[in-house]
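A.B. asks: Let me see the structure of the following:
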Amino acid sequence: MSRLTPTIASRLEFFVLDSTTYLPVASLGHADVSASGYVLRSLNGKRTASTSVSLSSNAALTADVVAGQFITIDSARGHYAIDCPSGSANVAYDFTEAAVTFTAGHIVRPVVHEIENKINTALALYDGDGVATESTLSYTAVEANGANTLASLIYAVVQLTDASVSTMAADTRDAILNRVLAGNHTTSGTVGLLLQFLDALVSSRLAPAVAGRTLDVSASGAVTAELDSADQGLTPAQQAQIDRIESQTSKLSGTPVTGNGNVKQGGQIVLKHGDDHTVALGNPVTVPVDDVGGALHTLMTAVGVGNLSVVAIRGVDPASRVSGTVAALSYSSNVLTVTMEFVATETVKGVVGPAYNYDVIKTDTPTRTYFSGRLTLTRDAR
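C.D. replies: Next comes the predicted model:
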């Protein structure tokens, strides 16, 4: 299914599975299609009859959209598409939907999730008598590109030489915490160790707390907490440890973060109505955005500041739209800093008082929004 854009041809994607094994079918081309076309759909459920498309050539995903092409997106996953003419972009409808019929033995699906492929792959590896072999049950059969699934964790646990319940429980916990917290769960003052501490406090698996019970909350055993009774709170040392952890984990939250200059706490931009806010004047808008790992910075840098823009609007009133530009991008300590500029000819268009919603967008095709926030204009005192 594809969102309609008037006058632009549609590339409609789908997945092709084997009708027996439900595994992806690779190496298909236009010659394998017995009929193809598209239907138009609206959000209220209205649907047209299928319009035929004659497929005459094969092309890769990188090719321009040309009506009649059969596109291979990822043959290993059975992921293909057809190019429909621009006439399919009828403004009276909201979406186009592929209508494709293949030769016998194929199933066409709009979406196939990765976990479905993994499960079907494992099932297909069963012996002819329906008994699963050891290799079928191994996590390598379920996750071919690495130990990144829950199946791999379970597989690792059942390979233990000591398969006692307590050992399996401990190793399952360690395996999951290793995956979630990158192994950082056995060091004093870490989030992982705090989770274990809290689990021990509230777990129904433990015997009722009794006076004098000692609970070790550090990897080395150097820090202990004495729980005199079941209903006592944390000791000062425990509270200090939680405070240290919270000060670190607070850095992982949100989108636009700390305030500075004309940006309030939480990332809300405040502009003076009719003023310039530029780098040259020393008063640009500098918005820090949480970006753990730098993925957002990488995407926006690749596009370039010349193809980035800021657009703010109040409700649905296009006359109140205020536009700005992105002057610079920088990145440090998991925070992306976006420097924006707004000129007076734009800020004077805005309405003082009501809150605006702003988007930082990519202006060339295909467009996309990278992050959003709030913006207000205040009256100039002059």
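
A.B. asks: Compute the number of surrounding residues for the nearest residue in space to residue 285 that is not next to it in sequence.
C.D. replies: Nearest non-adjacent residue to residue 285, counting by C-beta to C-beta, 6 or more residues apart in numbering: residue 340, 4.2 Å away. The C-beta positions use only the backbone N, C-alpha and C, and glycine is treated the same way. The tally of other residues near residue 340 (other C-beta atoms under 10 Å) stands at 26.

A.B. asks: and residue 340, what are its bridge partners?
C.D. replies: Here residue 340 sits in beta bridges with residue 285, residue 326, going by DSSP bridges.

A.B. asks: what does the one helix or strand residue 58 maps to contact?
C.D. replies: Using DSSP states H and E, residue 58 sits in strand 57-60. Defining contact as C-beta atoms under 8 Å, 6 or more residues apart in numbering, one finds that strand 57-60 is touched by 29-30, 66, 68-72, 83.

A.B. asks: can I assume residue 46 is in contact with residue 94?
C.D. replies: No - counting by C-beta atoms under 8 Å, residue 46 does not reach residue 94; the two are 9.1 Å apart.

A.B. asks: Neighbour count: those two, which is higher?
C.D. replies: residue 94 (15 against 11).

A.B. asks: didn't the more buried one look like it was pressed against residue 41?
C.D. replies: Yes - counting by C-beta under 8 Å, residue 41 is a contact partner of residue 94 at 6.6 Å.

A.B. asks: CSV for the contacts of strand 57-60, including secondary structure, neighbour count and distance to residue 358?
C.D. replies: What follows is these, written out as CSV (DSSP: H, G, I helix; E, B strand; the rest coil; neighbours: other C-beta atoms under 10 Å; distance: C-beta to C-beta, whole Å):
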residue, secondary structure, neighbour count, distance to residue 358
29, coil, 12, 46
30, helix, 18, 45
66, coil, 14, 37
68, coil, 16, 41
69, strand, 22, 39
70, strand, 22, 41
71, strand, 23, 36
72, strand, 17, 39
83, strand, 22, 35
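
A.B. asks: re earlier: distance of the residue nearest to residue 285 relative to residue 278?
C.D. replies: Distance from residue 340 to residue 278, counting by C-beta to C-beta, to the nearest Å: 10 Å.

A.B. asks: Give me the common contacts of those two.
C.D. replies: Common neighbours of residue 340 and residue 278 (C-beta under 8 Å, 6+ apart) are 284, 327.

A.B. asks: What residues are bridge-paired with the closest residue to residue 283 other than its chain neighbours?
C.D. replies: Nearest non-adjacent residue to residue 283, counting by C-beta to C-beta, 6+ apart: residue 277, 5.3 Å away. Beta-bridge pairing of residue 277, defined through DSSP bridges, involves residue 342.

A.B. asks: any idea how far residue 277 is from residue 341?
C.D. replies: Here residue 277 is placed at a distance of 6 Å from residue 341 (C-beta to C-beta).

A.B. asks: now swap in residue 357 and tell me
C.D. replies: From residue 357 across to residue 341, the span is 19 Å (C-beta to C-beta).

A.B. asks: So if I had to pick from these two, which one is more boxed in?
C.D. replies: residue 341 (20 against 13).

A.B. asks: who touches the more buried one in this structure?
C.D. replies: Here residue 341 is in contact with 277-279, 284-285, 324-327 (C-beta under 8 Å, 6+ apart).

A.B. asks: which of those residues count as buried?
C.D. replies: Taking 16 or more other C-beta atoms under 10 Å as the criterion, what is buried in these is 277-278, 284-285, 324-327.

A.B. asks: ok, so of the residues you listed, who is nearest residue 53?
C.D. replies: residue 326 (40.0 Å; C-beta to C-beta).

A.B. asks: The closest one contacts residue 342, doesn't it?
C.D. replies: No - using C-beta under 8 Å, residue 326 is not in contact with residue 342, being 11.1 Å away.

A.B. asks: and for the two, which residues touch both?
C.D. replies: In contact with both residue 326 and residue 342: residue 310, using C-beta under 8 Å, 6+ apart.

A.B. asks: where does the stretch 251-382 of the chain have low pLDDT?
C.D. replies: The model of the stretch 251-382 of the chain has pLDDT under 70 over residues 251-260, 266, 381-382.
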